[in-house]
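J.: How does the following fold in three dimensions:
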Amino acid sequence: LNSTANNSTINCQMTFSSVDITVEKDGGKTGHRKWPWFGAPIYAAAFFALFYVAVLPSFNSYPDTLRQSQEALHPDEFIGERANIQLAELAAIGPKVAGSINNEVHAVNFLLREIQKIIDEARTDLYDIEVETQRYTGGFFLYSTAISYSNLSNVVVKISQKTSNNDNFVLVNSHYDSEMKSPGAGDDGVMVVVMLETLRVISRSEKPLGHPVVFLFNGAEEARLLGAHGFVTQHKWAPKCKALVNLDSTGTGGREVLFQTGPNHPWLAKYYKQSVPHPYAQTLAEELFQNNFIPSDTDFRIFRDFGGIPGLDMASVVNGYAYHTKYDSYRNVEAGTYQSTGENVLAVVWALANAPELDDTEAYAEGHMVYYDFLGWFMLTYTTGVSVAINIVVSVAAFLAIGFSLHIMTLENGADAPKAVFKRFGLIFLVQTVTVFVACGLTLCVALFMQGVGLSESWYYGKWMTFGLYFCTLYFPMGLLPAIYIQLTKRKTHMKLDQTIACFMHAHCILLALLCIILTSMGIRSSYFPMIGIFFYAISVLVQIILKLTVKSNFFVTVHLLCQVLPFLFYTYLCYAIFVIFVPMEGRDGPYSSPDVMISIFIIVSGVQYAGFTVPIMHKFRKSKIIFSSFGVITIIFIILAATPAGFPFAKDVAPQRYYCVHAQRTFHNLDGSVTQDYGYYIQPEETRIHELDDTTFKNAEPSSWMAANCAAEPYCGLPVYRRGWISWTDSAHWVNSSAPEIPINIDLSLDSKQSFDDNTVRYDFSLKSNDRLMMYVAPLENVSITDWSLDTTPLNGTYSPPYLIFRLSAQIEDPFEFWIKIQHDEGNTNGPYFKLVVVEHFLHHQEYYTDEYQQFLATFPDWAYTTDWFAALESWIF
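T.: Predicted structure coming up:
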């Protein structure tokens with residue numbers, strides 16, 4: 001029996017030895033041997049190859065597009081070709097700015113035609129289909145702005161099964177309006193046609209539909225989310241809305257990411273997981289979005305805040321460079337989008353429509369959900385309570401496994417005394433802690449340096465620049481500092497090299513486990529991010545312990561690297577997804593953002609997770625310090641490259657630099673009755689490279705003292721701002737004097753009445769005729785306060801400071817905008833003046849009125865720059 005057991009052990013060892021890179025045996029010297037130095041680049045190349053053969057294909061994987069000719073073979077399935085054809089027609093309308101004829105007439109007519117085709121082919125014996133063009137007028141407060149709107153349009157379709165009397169419905173929302181100059185094919189045309197095809201498939205299917213589905217084709221999302229507000233606060237069906245599927249975009253299609261759920265309705269993520277064939281969802285994305293890391297917003301906010309409706313928020317994210325530009329065209333939409341997104345949306349809508357939770361959603365409001373996909377292959381979801389348990393159990397298990405692993409090291413033949421082993425591990429833990437902080441700090445320092453010397457965003461078009469600038473910077477100290485420690489102490493211990501490397505990885509795992517516990521205690525659901533790495537490392541340690549106790553060899557490198565494959569794929573997949581989403585966004589995050597710091601933080605967060613478990617293996621190669629030093633050399637080379645044309649961040653038609661440009665007329669009515677007027681181009685950069693055109697397009701711009709004087713004298717600097725955020729950007733703005741723009745509709749403000757009251761208040765009633773899109777600034781003078789007005793009074797409650805901002809949008813109406821303002825003044829100030837009122841009309845869809853001079857000025861921008869341009873008239877009064 002003993003002989004048989006020994007033979008089995010020998011055979012088992014031979015089997016493992018045949019696949020192990022290095023086998024560490026008791027009392028042997030194999031653990032001290034190093035591999036040839038040229039194996040290091042091969043080792044690194046293997047991980048690169050793994051990324052290219054697994055991560056990239058998974059991220060860019062799309063199902064085959066089904067053709068209309070195949071429809072008979074694929075009943076109840078989404079036909080991507082039909083959606084493709086519909087998008088070509090919708091995008092051909094051109095820019096669809098809310099309030100314009102393209103949006104309010106042509107786009108609405110397109111939708112009504114396509115919906116009628118669906119109704120003509122629908123199973124009307126099974127379904128009731130109701131169609132309505134909603135016109136809505138209202139107001140609310142959002143983005144520190146009082147908002148008013150009139151006569152805007154939505155197209156709403158409700159489909160319900162005749163055999164069901166249930167009125168609780170699922171709402172599917174996307175918007176057909178677009179930003180100025182943009183055809184809006186990706187944002188959000190592709191989602192509109194996905195909704196049309198989803199409606200068509202459901203209307204012809206015999207599958208059950210337990211609850212109605214309402215499709216909201218939203219006509220005013222880009223204009224402060226007005227379409228969603230008009231529906232949820234005014235439409236007769238809105239009170240019965242129980243769940244939402246919101247579809248939006250920040251690019252030109254591609255796989256849509258689920259980045260918001262609930263809130264507090266975990267069953268929604270459960271149905272998403274169970275139904276969609278191509279999952280792409282991350283709690284990390286949700287927490288980044290909700291903490292304002294993403295310079296965008298969606299209708300999900302309106303349905304949540306004004307309707308209390310839980311839901312799923314999904315958006316396509318590929319090619320964000322084209323977002324809100326003329327490049328968001330039909331031909332630039334990712335070809336696989338239609339089928340991939342269509343299959344997901346159809347599946348999740350069907351699943352939610354048959355969910356019993358719709359009948360009592362409050363009973364299932366049980367807290368938040370943690371969710372994430374693995375390379376789009378599958379998805380995991382669990383509640384925050386389960387997340388806490390998993391994170392703690394995995395972290396504690398890692399601590400125990402590491403402790404037992406250290407204990408086994410003390411049992412080796414010729415090992416140091418247990419006290420010496422644990423003392424050495426304590427020093428290694430200290431070194432690894434310092435290493436991680438140095439690596440993170442150095443990476444951030446490089447980012448700050450790049451921004452400080454004016455070389456920010458060198459990776460904007462060429463993402464490969466991030467490898468040398470930030471990845472190599474991170475790897476450099478992650479490898480070099482431990483290598484120095486190993487070199488200095490190798491003759492002072494009997495611990496083998498493999499064991500020393502293992503101790504460094506043990507230390508790294510402990511750091512991640514502590515981080516995971518801290519994040520969990522803070523209620524951060526993205527704590528699953530470090531937990532994944534901890535879990536797989538703990539598995540590798542446990543497997544090594546079992547092998548050591550059974551076959552007397554732990555097969556250290558083989559077991560460790562096999563267990564690192566999946567977390568490496570997971571972290572690099574997320575890192576790549578972050579790059580696809582966030583790199584283009586940094587080009588529109590404002591002139592005072594910190595894009596390099598942001599990108600370096602993302603690289604640190606993802607890179608540290610796997611670098612601490614993959615970089616230490618490189619200590620097995622000879623000349624390891626030289627190898628790690630080469631990462632630092634690469635960083636220096638890439639910094640130099642960033643200062644050359646290779647590091648120029650912008651590219652024609654692909655990754656342009658963004659500017660807002662407004663040809664403005666300014667008119668100021670002074671107290672003495674005089675009127676002053678000037679004209680100019682107001683240019684506002686959208687990102688941090690604000691000096692690229694100083695010697696060309698902006699060479700005749702007014703000096704900064706001009707801007708400072710205007711900011712001191714006028715509300716919002718007397719500039720025709722379109723969004724409140726521009727005010728904080730004025731130091732980067734330019735004003736270039738010009739001739740007058742052609743204004744097709746002049747501002748006509750009438751003071752209809754003025755009433756004084758005993759409590760030192762005065763009410764002013766105004767009537768305003770102007771263009772369809774207005775901004776107004778109300779600035780009370782010293783010792784005067786605005787106490788009430790006819791708009792949303794939220795900004796007057798004391799939380800917000802003047803000047804107050806008002807946004808007004810109307811569509812296809814000629815009636816004047818009537819409003820009133822009530823002020824309160826000091827008892828002795830009975831004659832005024834009391835406040836400044838500034839009206840700015842913006843002409844966003846009137847390019848036919850551009851002057852020749854304006855067009856010539858726009859032509860001075862280089863081909864790698866993109867202008868979002870229009871013209872405006874500003875008029876200011878003192879009352």
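
J.: Backbone dihedrals for the most centrally placed residue in the chain, please?
T.: Residue closest to the mean C-alpha point of the chain, counted by Cα atoms, centre = their mean, is residue 294 at 4.5 Å. Backbone torsions of residue 294, given as degrees, to the nearest 10, read phi -110, psi 120.

J.: Secondary structure class of residue 753, three-state.
T.: Of the three states, residue 753 takes strand according to DSSP: H, G, I helix; E, B strand; the rest coil.

J.: Which residue comes closest to it once chain neighbours are left out?
T.: Spatial nearest neighbour of residue 753, chain neighbours left out: residue 765 (4.4 Å); criterion: Cβ to Cβ, 6 or more residues apart in numbering. (Each C-beta comes from the backbone N, C-alpha and C, glycine too.)

J.: again, but for residue 663
T.: Of all residues beyond its chain neighbours, the one nearest residue 663 is residue 871 (4.0 Å), with distances taken as Cβ to Cβ, 6+ apart.

J.: and stretch 489-500, average pLDDT?
T.: In this model, stretch 489-500 carries a mean pLDDT of 90.

J.: Kindly report the same for stretch 174-181.
T.: Rounded mean pLDDT across stretch 174-181 is 97.

J.: Walking through the stretch 751-879 of the chain, point out its helices one by one.
T.: Assigned by DSSP state H, counting those that start in this stretch, the helices in the stretch 751-879 of the chain fall at 852-858.

J.: I'd say residue 503 and residue 428 touch.
T.: Yes - counting by Cβ atoms under 8 Å, residue 503 touches residue 428, with 4.5 Å between them.

J.: can you pull the buried residues of stretch 198-213?
T.: For stretch 198-213, the neighbour count (16 or more other Cβ atoms under 10 Å) marks 198-205, 209-213 as buried.

J.: Kindly reformat the residues you listed as CSV containing secondary structure, distance to residue 730 and pLDDT.
T.: Formatted as CSV, those follow (DSSP: H, G, I helix; E, B strand; the rest coil; distance: Cβ to Cβ, whole Å; pLDDT from 0 to 100):
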residue, secondary structure, distance to residue 730, pLDDT
198, helix, 45, 98
199, helix, 46, 98
200, helix, 50, 98
201, helix, 51, 98
202, helix, 51, 98
203, helix, 52, 98
204, coil, 56, 97
205, coil, 56, 97
209, coil, 54, 96
210, coil, 55, 95
211, coil, 50, 97
212, coil, 49, 98
213, strand, 47, 98
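
J.: need the residues you listed in TSV with distance to residue 862, can you?
T.: Formatted as TSV, the buried residues of stretch 198-213 follow (distance: Cβ to Cβ, whole Å):
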residue	distance to residue 862
198	43
199	45
200	45
201	47
202	49
203	50
204	52
205	53
209	54
210	57
211	54
212	53
213	48
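
J.: Farthest pair within those residues?
T.: Spatial extent of the buried residues of stretch 198-213 (Cβ to Cβ) is set by the pair 200 and 210 at 19.6 Å.

J.: now for the one helix or strand residue 137 maps to, which elements pack on it?
T.: If you go by DSSP states H and E, residue 137 is part of strand 127-142. Judged by 3 or more Cβ pairs under 8 Å, 6 or more residues apart in numbering; DSSP states H and E, strand 127-142 is in contact with helix 108-121, strand 145-161, helix 190-203, helix 226-234.

J.: Now do the shortest one against strand 145-161, angle only.
T.: Orientation of helix 226-234 against strand 145-161 (axes from the mean of the first three to the mean of the last three Cα atoms, to 10 degrees) gives an angle of 70 degrees.

J.: so what does helix 226-234 touch, helix or strand wise?
T.: strand 127-142, strand 145-161, strand 213-218, helix 300-307.

J.: Compute the inter-axis angle for it and helix 300-307.
T.: Going by the same axes, to 10 degrees, helix 226-234 makes 20 degrees with helix 300-307.

J.: send the alpha carbons of helix 226-234 over as CSV?
T.: Extracted in CSV, the C-alpha atoms of helix 226-234 (Å, rounded to 0.1, in the frame of the first residue of the first chain):
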residue,chain,number,x,y,z
LEU,A,226,-38.2,68.9,-21.2
GLY,A,227,-39.9,66.1,-23.1
ALA,A,228,-39.6,63.7,-20.1
HIS,A,229,-40.9,66.3,-17.8
GLY,A,230,-43.8,67.1,-20.0
PHE,A,231,-44.9,63.5,-20.1
VAL,A,232,-44.4,62.5,-16.5
THR,A,233,-46.1,65.5,-15.1
GLN,A,234,-48.9,66.0,-17.6
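
J.: what's near enough to touch the closest residue to residue 589 other than its chain neighbours?
T.: Spatial nearest neighbour of residue 589, chain neighbours left out: residue 295 (4.9 Å); criterion: Cβ to Cβ, 6+ apart. By Cβ atoms under 8 Å, 6 or more residues apart in numbering, the contact set of residue 295 is 585, 588-590.

J.: Just flag the most distant two among these.
T.: Among these, 585 and 590 lie farthest apart (Cβ to Cβ), at 10.8 Å.

J.: Can you pick out the residue with more neighbours from those two?
T.: Between residue 585 and residue 590, residue 585 has the larger neighbour count (other Cβ atoms under 10 Å), namely 22 against 19.

J.: Which of the helices or strands spans that one?
T.: helix 556-585.

J.: hang on, the earlier thing: who does the strand holding residue 137 pair up with?
T.: With DSSP bridges as the test, strand 127-142 is paired with strand 145-161 (antiparallel).

J.: to the chain's geometric centre, what's the distance from the partner strand?
T.: 26 Å (Cα atoms, centre = their mean, to the nearest Å).

J.: now the angle from it to helix 190-203?
T.: Using the same axes, to 10 degrees: strand 145-161 against helix 190-203 is 20 degrees.
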